[in-house]
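Visitor: Here is my input; please provide its structure:
(one chain, ligands or ions: 2)
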Amino acid sequence: MAGSISMTYPASAILVSGSSISKSGNRLCSTSRKRRETVMSLGSNKERPGVVVQSGDQRLYLGLDFGTSGARFSAIDKDGTIQAEAKREYPWYKNGETQDWVRSWRETLFLLLEDIPLDVRKHIVSISIDGTSATTLIVDSETGEPLGRPFLYNESCPDALPMVKSIAPPNHTVCSGSSTLCKLVSWWNHVDSNKKSAQLLHQADWLLWLLHGKLGVSDYNNALKVGYDPEVDSYPAWLLRQPYSHLLPSVVAPGTPVSCLKEDIRTKFGFQNDCVVCTGTTDSIAAFLAARVSQPGDAVTSLGSTLAIKLLSNTRIEDSRFGVYSHRLDDKWLVGGASNSGGAVLRQLFTDDQLEKLSEQINPLEASPLDYYPLPKAGERFPVSDPNLSPRLLPRPENDAEYLHGILESIARIEAKAYELLKEMGATQVMKVFTAGGGAKNEKWIKIRERVLGLPVSRATHTEAAYGAALLALRGANQNIL
Ligand SMILES: Nc1ncnc2c1ncn2[C@@H]1O[C@H](COP(=O)(O)OP(=O)(O)O)[C@@H](O)[C@H]1O
Ligand SMILES: O=C(CO)[C@H](O)[C@H](O)COP(=O)(O)O
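Guide: Ligands and ions are numbered 1, 2, ... in the order given. Just a heads-up that it's a prediction; the model follows:
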């Protein structure tokens with residue numbers, strides 16, 4: 001049974017009928033597309049009033065976010081005004097003993113496309129997708145079909161770590177059990193067949209391939225944890241000389257148009273004739289883009305299932321001993337990492353409604369005396385990289401509001417330790433923190449975090465990663481196809 005859906009389709013956004021097909025009536029995808037510069041504005045973090053989309057400006061841009069607990073879409077116009085958005089939880093399918101994630105993701109993708117109102121769909125000219133970082137699929141290089149189950153973002157392959165540490169520079173980003181490279185090496189060491197006709201893809205790359213049909217293309221955010229160096233825009237020699245290097249995808253910038261939307265999908269769903277599919281990014285970078293912050297020292301904490309931290313910095317830092325790495329954002333760096341703490345622990349203990357009601361009872365100005373390390377299961381990536389770190393969630397007080405206060409405060413302490421670590425490692429000093437993800441709706445938690453971090457903390461105007469992916473689609477819409 002497909003997951004449940006919730007939809008918002010702002011009535012204020014009125015689409016004026018018309019067509020955005022080129023004046024000559026040809027499909028722009030079949031000819032070289034006019035290059036129209038669109039610099040993606042990382043401009044001010046201000047809400048833009050809803051607008052009536054004029055007939056000349058009715059091109060819309062679609063972003064899809066495939067997060068940990070569910071997927072969402074956001075369709076925006078050229079001003080960044082949301083024209084439609086919705087989300088779905090992943091349907092649960094079993095494949096033997098494990099969840100059939102590939103079937104869930106594929107089904108959710110096409111259900112979300114169906115969820116887009118037709119009079120929005122027909123104006124969409126560009127699509128991009130973000131996914132969870134280091135979620136890795138090894139697929140058949142001919143058919144694109146997975147050769148086994150995916151390795152999820154927080155899965156660790158310690159068996160491969162010694163081999164990876166022996167080929168990579170000391171403390172390189174890939175020297176973590178949960179890196180994409182460790183997953184690739186673990187797969188390579190455990191399989192006998194299919195090695196020659198295999199291709200590595202990340203979750204977002206594979207979902208985008210379902211739409212554009214060009215196998216083996218990724219972006220320099222998703223490819224970071226397999227070893228791609230976004231500073232020199234290439235894979236390093238120590239990686240290219242490995243026997244499995246032929247599995248590595250080609251890499252371009254996020255938001256690069258790869259190809260037209262496949263014709264069967266375009267006609268089935270009624271997308272624009274010249275609709276292009278662009279490379280994506282990871283979910284926490286899409287959340288950063290959604291916040292539209294642009295000054296070094298600005299940071300975004302994504303309070304999703306995990307606690308993902310991104311600080312805009314002029315300097316690049318990385319140290320796998322602490323789970324710290326730097327993603328490229330144009331000419332700057334997004335430094336940070338992702339803790340396994342965060343919403344997944346909360347969801348193990350409380351429903352979203354309970355979180356809302358219990359949070360009302362919390363006085364955020366009072367410090368909680370409870371000291372936990374909230375994790376959904378053993379294993380932490382950042383600011384401590386320890387695959388064996390156990391959760392610490394006891395003693396549990398009688399009163400659930402007190403318990404929640406202690407957990408929220410303890411997660412805030414992890415966040416504070418993370419920003420302190422980035423400062424000690426030489427990143428640009430954090431000045432203010434915007435909040436994305438499901439936890440951003442909790443105003444009490446924002447106040448707790450402000451007190452613990454000693455910094456201004458606010459909710460970003462756009463907290464959904466899908467909005468950031470839509471900004472990538474907007475960026476790619478007017479570029480030449482690869
Ligand atoms: N009021 C709340 N306070 C704190 N956390 C919340 C609240 N409501 C939902 N959450 C948390 O938000 C998380 C979902 O956020 P989301 O960004 O959708 O996650 P993801 O994209 O990682 O799946 C859940 O783990 C849930 O516990
Ligand atoms: O926690 C995660 C899933 O939600 C991912 O690890 C998160 O995307 C952080 O990875 P990156 O910094 O590469 O985006």
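Visitor: Would you mind measuring from the closest residue to residue 282 other than its chain neighbours to residue 361?
Guide: Excluding the flanking residues, the one nearest residue 282 by C-beta to C-beta, 6 or more residues apart in numbering is residue 133, at 3.8 Å. Using the backbone N, CA and C atoms, a C-beta is placed for each residue, glycine as well. Look at residue 133 and residue 361: by C-beta to C-beta, to the nearest Å, they are 35 Å apart.
Visitor: which one of the two has more residues nearby?
Guide: Comparing residue 133 with residue 361 by other C-beta atoms under 10 Å, the one with more neighbours is residue 133, at 28 against 13.
Visitor: So that one lies in a helix, does it not?
Guide: No - assessed with DSSP: H, G, I helix; E, B strand; the rest coil, residue 133 is coil; it does not lie in a helix.
Visitor: returning to what we had before: show the contacting residues for the residue nearest to residue 282.
Guide: Neighbour list for residue 133: 153, 202, 221, 222, 224, 225, 282, 283, 284, 338 [criterion: C-beta atoms under 8 Å, 6 or more residues apart in numbering].
Visitor: so the third one touches residue 327, yeah?
Guide: Going back to what we said before, that points to residue 221. Yes - counting by C-beta atoms under 8 Å, residue 327 is a contact partner of residue 221 at 5.2 Å.
Visitor: Now list whatever residues contact both of these two.
Guide: Common contact partners of residue 221 and residue 327 (C-beta under 8 Å, 6+ apart): 230, 282, 285.
Visitor: Among the residues you listed, which are located in helices?
Guide: Among the shared contacts of residue 221 and residue 327, DSSP state H puts residue 285 in helices.
Visitor: contacts with ligand 2 among the shared contacts of residue 221 and residue 327, please.
Guide: 282, 285 (C-beta under 6 Å from any ligand atom).
Visitor: which one among the shared contacts of residue 221 and residue 327 gets closest to residue 317?
Guide: Of all these, residue 317 sits closest to residue 230, with 13.8 Å by C-beta to C-beta.
Visitor: Close to ligand 2: what parts of this protein are there?
Guide: Within the chain, the positions adjacent to ligand 2 are 68, 132-133, 153, 282-285, 304-306, 308, 338 by C-beta under 6 Å from any ligand atom.
Visitor: Compute the mean per-residue pLDDT across stretch 229-247, please.
Guide: Averaging pLDDT along stretch 229-247 gives 98.
Visitor: Excluding sequence neighbours, find me the nearest residue to residue 376.
Guide: Nearest non-adjacent residue to residue 376 (C-beta to C-beta, 6+ apart): residue 344, at 4.2 Å.
Visitor: That neighbour - how many residues pack around it?
Guide: Number of residues near residue 344 (other C-beta under 10 Å) recorded here: 19.
Visitor: Is it located within a helix, as I assumed?
Guide: Yes - assessed by three-state DSSP, residue 344 belongs to a helix.
Visitor: List the residues that contact it.
Guide: 68, 69, 305, 306, 376.
Visitor: Go ahead and confirm the first one touches residue 105.
Guide: Same thing as residue 68. No - using C-beta under 8 Å, residue 68 is not in contact with residue 105, being 12.0 Å away.
Visitor: Okay, helices next: where are they in the stretch 151-300 of the chain?
Guide: For the stretch 151-300 of the chain, the helices defined by DSSP state H, counting those that start in this stretch occupy 161-167, 180-190, 203-212, 237-240, 263-269, 283-291.
Visitor: which one of those is the most hemmed in?
Guide: helix 283-291 (a mean of 31; mean count of other C-beta atoms under 10 Å).
Visitor: and the angle for that one with helix 203-212?
Guide: 70 degrees (axes from the mean of the first three to the mean of the last three C-alpha atoms, to 10 degrees).
Visitor: related to what we said a few turns ago, which stretch among the helices of the stretch 151-300 of the chain comes nearest residue 86?
Guide: Residue 86 lies closest to helix 263-269 among the helices of the stretch 151-300 of the chain, at 14.4 Å (C-beta to C-beta).
Visitor: For that closest one, name the packing helices and strands.
Guide: Applying 3 or more C-beta pairs under 8 Å, 6 or more residues apart in numbering; DSSP states H and E, we find helix 263-269 packed against helix 101-115.
Visitor: relative to helix 203-212, how tilted is the helix it packs on?
Guide: Helix 101-115 runs at 50 degrees relative to helix 203-212, counting by the same axes, to 10 degrees.
Visitor: From the contact counts, what lies against helix 101-115?
Guide: strand 5-8, strand 60-66, strand 70-76, strand 82-89, helix 203-212, helix 263-269.
Visitor: Neighbouring strands of the third one in the sheet, and parallel or not?
Guide: Paired strands of strand 70-76, with direction, are strand 60-66 (antiparallel), strand 82-89 (antiparallel) (DSSP bridges).
Visitor: Dump those into CSV; add distance to residue 450 and mean neighbour count as well.
Guide: Shown next, in CSV, are those (distance: least, C-beta to C-beta, whole Å; neighbours: other C-beta atoms under 10 Å):
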stretch, distance to residue 450, mean neighbour count
strand 60-66, 26, 30
strand 82-89, 27, 22
